[in-house]
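Visitor: Starting from these lines, generate the structure:
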Amino acid sequence: MSGLKREILRLGYRLNVEDHLLDAYFANSDRYDFAVDERIRSYELPDSEVDGRVLLPVVQGRDASGVFKYCIMAHAFRCRGYEPIVTLCDNDVAICHAREQHDDLSACALCHHHGENLFSAFGLDPVPLSALAGGESRPDPYALSDPRSLEYRGIRVSDYAEASARRFLRRYHFDLDDSGDRETYLRFLDTAMDIVDAGYAAIAEYDVDATLVNHAPYVYGGLFAAVAAEAGIASMTYASGYRDRTVMFGNAKNRSPMHQFSDEATIEAAVSEPLSGSQEARIDEIMEGRREGETTRFDVVGEADEALDSSADYEVTAGMFTNLIWDASLTATGGAFHDPFEWISATIETIADHGDVQLVIKTHPVEAMKRTNERVSEWITDQYGSLPGNVVLLPPETEVDTYRLIDQLDVGIVYNSTVGMEMPYFGDPVVVGGETHYRGAGFTYDPETKSEYEDTLSRLDELELTEEMRRTAKRYAYMFMVRTHVDFPFYETVDNQTRWLPVSHDDIEPGNVNFDTAVEGVLADGPVHTPE
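Guide: Down below sits the predicted model:
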């Protein structure tokens with residue numbers, strides 16, 4: 001939206017006519033031209049046929065991809081006898097990610113308008129968040145001596161506020177002594193307590209059987225799942241899969257609530273079960289396709305096709321793969337390090353003392369594609385100036401293809417990158433520094449402390465990937481890339497952009513094995529795996 005149009009909207013908000021302005025603005029656009037089956041839009045679940053209720057809480061209406069998935073899942077529950085309770089923020093929270101670029105109430109009006117139209121397209125009537133939040137006596141975030149350690153109603157809300165502040169600021173580091181950073185964080189803390197109150201109120205008022213949320217690490221998603229877990233009801237999460245037209249489901253009771261994580265029993269069963277010939281062929285197709293950019297949703301490499309240009313003779317060449325530093329995946333805590341920058345420093349400084357090892361640091365290419373206010377490559381340069389001779393830094397713009405680089409490496413070093421699952425699949429050992437969904441599955445080296453990590457790096461020449469580890473990596477990859485991906489044929493990714501596809505009642509109603517599996521799995525508190 002242009003600056004002039006936004007100023008008009010701000011004026012309209014002050015005059016309480018913003019809905020009319022928004023309707024006029026979008027009247028001649030296809031923004032709300034959803035190809036949704038009329039049978040979905042007009043569907044009604046009689047009270048006499050309600051078997052239970054499921055909470056699908058939405059805060060950000062402007063998050064079209066998230067709300068679209070919520071609406072489809074709501075209809076899946078609805079036509080199986082479970083009334084969906086959907087919420088929508090009505091300008092009531094202190095701050096959220098919908099206000100990243102324009103932090104004012106005009107952004108709230110636009111966000112709410114989007115959400116209302118999306119819900120209307122599916123015949124859903126959202127509960128205003130303001131009708132649920134508030135009413136509890138709670139701490140004043142501005143009066144806290146240690147606002148980064150706040151537990152509220154049994155939930156450590158400061159963790160969600162911290163992840164949300166990083167996402168909002170587009171950097172990992174923020175300083176509570178800086179007035180701007182502090183204000184952003186404290187407002188997220190305030191929002192977090194609002195959402196905890198709303199979650200408990202919704203569960204009590206509607207007697208819900210389960211909660212299903214998107215955006216698990218953040219205040220506007222994960223806190224609803226955390227409340228459900230604390231209240232003892234099914235607390236499931238979901239997000240788009242690594243493969244197009246799929247979704248994945250997680251659980252707030254797992255090591256991390258994010259969709260990548262499975263419970264230990266599920267992982268143990270998966271890695272102990274041999275694959276059939278057809279299963280091996282399927283996962284080989286997917287993993288080889290990832291190398292060619294054919295079976296992955298996003299192409300973050302672009303036209304990069306170069307290999308590493310290194311004529312030096314080293315006994316071991318190790319590749320270190322960093323993350324987009326404010327990414328949600330970094331909210332999972334565990335392993336030898338809880339801070340990715342501490343992991344980076346320990347890796348550089350340890351390998352600098354081993355002249356027979358070359359360290360190639362491949363920074364994440366998305367740093368050059370998404371708006372970010374903290375780049376790993378710049379941090380390393382600022383921190384170290386001239387790097388040791390056996391350390392090579394590849395900035396995010398570097399035209400080196402990740403998979404061609406992997407072919408030149410002897411060992412991988414990751415914090416939680418998916419590369420750490422792929423390299424053992426193709427035959428190379430990997431050392432894991434942080435928390436990741438495959439940590440402890442049996443095919444990576446997973447030191448528990450900083451000293452153990454540094455000791456492992458000091459003997460990289462001794463690390464090997466045994467045949468048993470490689471078999472385990474293949475079995476895990478099959479579970480992760482096939483079984484945890486449930487078909488969801490209502491979106492596709494084209495040129496790194498999500499496009500929504502027509503939605504038919506026939507593709508969702510009972511008898512569709514994928515939605516039957518998803519609904520049953522959510523109500524049973526997971527896991528949700530696609531049928532064999």
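Visitor: ok, and the closest non-adjacent residue to the spatially most central residue of the chain?
Guide: Geometric centre of the chain, nearest residue: residue 328, 5.2 Å, by Cα atoms, centre = their mean. Spatially, and ignoring its direct neighbours in sequence, residue 328 is nearest to residue 217 (4.3 Å; Cβ to Cβ, 6 or more residues apart in numbering). Using the backbone N, CA and C atoms, a C-beta is placed for each residue, glycine as well.
Visitor: Could you look up the SS state of the closest residue to residue 345 other than its chain neighbours?
Guide: Distance criterion Cβ to Cβ, 6+ apart; nearest residue to residue 345, sequence neighbours excluded, is residue 383 at 7.1 Å. Secondary structure for residue 383, judged by DSSP: H, G, I helix; E, B strand; the rest coil, is helix.
Visitor: okay, now residue 383: neighbour count?
Guide: Other residues near residue 383 come to 12 when the count uses other Cβ atoms under 10 Å.
Visitor: residue boundaries of the helices in the stretch 251-400 of the chain?
Guide: 264-272, 277-291, 340-352, 376-384 (DSSP state H, counting those that start in this stretch).
Visitor: Now the first one: buried residues?
Guide: Buried residues in helix 264-272, counting neighbours by 16 or more other Cβ atoms under 10 Å, are found at 266, 267, 270, 271.
Visitor: What mean pLDDT does that helix get?
Guide: Helix 264-272 carries an average pLDDT of 97.
Visitor: Only alpha carbons, please: show that helix as PDB.
Guide: C-alpha atoms of helix 264-272 as PDB (Å, rounded to 0.1, in the frame of the first residue of the first chain):
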ATOM      1  CA  GLU A 264      11.200 -39.600  20.900                       C
ATOM      2  CA  ALA A 265       9.100 -42.800  20.600                       C
ATOM      3  CA  THR A 266       8.100 -41.900  17.100                       C
ATOM      4  CA  ILE A 267      11.700 -41.300  16.100                       C
ATOM      5  CA  GLU A 268      13.000 -44.500  17.700                       C
ATOM      6  CA  ALA A 269      10.300 -46.500  15.900                       C
ATOM      7  CA  ALA A 270      11.100 -44.900  12.600                       C
ATOM      8  CA  VAL A 271      14.900 -45.400  12.700                       C
ATOM      9  CA  SER A 272      14.600 -49.000  13.900                       C
END
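Visitor: Centre of the chain to that helix, how far?
Guide: Centroid displacement of helix 264-272 relative to its chain, using Cα atoms, centre = their mean, to the nearest Å, is 23 Å.
Visitor: just checking, what packs against it?
Guide: Applying 3 or more Cβ pairs under 8 Å, 6 or more residues apart in numbering; DSSP states H and E, we find helix 264-272 packed against helix 467-478.
Visitor: Residues contacting the helix it packs on, please?
Guide: 267, 270-275, 279-280, 282-283, 286-287, 421-422, 424-425, 427, 429, 438, 441-443, 465 (Cβ atoms under 8 Å, 6 or more residues apart in numbering).
Visitor: Now a ChimeraX select for only the buried ones of those.
Guide: Command for ChimeraX that selects the buried part of those, burial taken from 16+ other Cβ under 10 Å:
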select :267,270,271,275,279,283,286,287,421,422,424,425,429,438,441,442,443,465
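Visitor: before we move on, the earlier item: mind putting the helices of the stretch 251-400 of the chain in JSON lines, distance to residue 120 included?
Guide: Formatted as JSON lines, the helices of the stretch 251-400 of the chain follow (distance: least, Cβ to Cβ, whole Å):
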{"stretch": "helix 264-272", "distance to residue 120": "38"}
{"stretch": "helix 277-291", "distance to residue 120": "38"}
{"stretch": "helix 340-352", "distance to residue 120": "42"}
{"stretch": "helix 376-384", "distance to residue 120": "43"}
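Visitor: For residue 90, find the nearest of those.
Guide: Smallest distance to residue 90 across the helices of the stretch 251-400 of the chain (Cβ to Cβ): 36.7 Å, for helix 340-352.
Visitor: That closest one: which residues count as buried?
Guide: 340, 341, 343, 344, 345, 346, 347, 348, 350, 351, 352.
Visitor: quick check, nearest of those residues to residue 230?
Guide: Closest to residue 230 out of those is residue 340 (28.4 Å), distances taken as Cβ to Cβ.
Visitor: Enumerate every residue touching the nearest residue to the closest one once chain neighbours are set aside.
Guide: In space, residue 340 comes closest to residue 415 once its chain neighbours are excluded; the distance is 5.2 Å by Cβ to Cβ, 6+ apart. Contact partners of residue 415, counting by Cβ under 8 Å, 6+ apart, are 321, 322, 323, 330, 337, 340, 343, 432, 433, 434, 436.
Visitor: how about a cut-off of 10 Å?
Guide: Shown in contact with residue 415 (Cβ atoms under 10 Å, 6 or more residues apart in numbering): 320-323, 329-330, 332, 335-337, 339-340, 343-344, 347, 432-436.
Visitor: Then residue 450?
Guide: 335, 336, 337, 342, 343, 346, 350, 433.
Visitor: I'd like the residues you listed as TSV, with pLDDT and distance to residue 107 appended.
Guide: Below are the contacts of residue 450 laid out as TSV (pLDDT from 0 to 100; distance: Cβ to Cβ, whole Å):
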residue	pLDDT	distance to residue 107
335	94	37
336	96	40
337	97	36
342	98	35
343	98	36
346	98	41
350	98	46
433	98	38
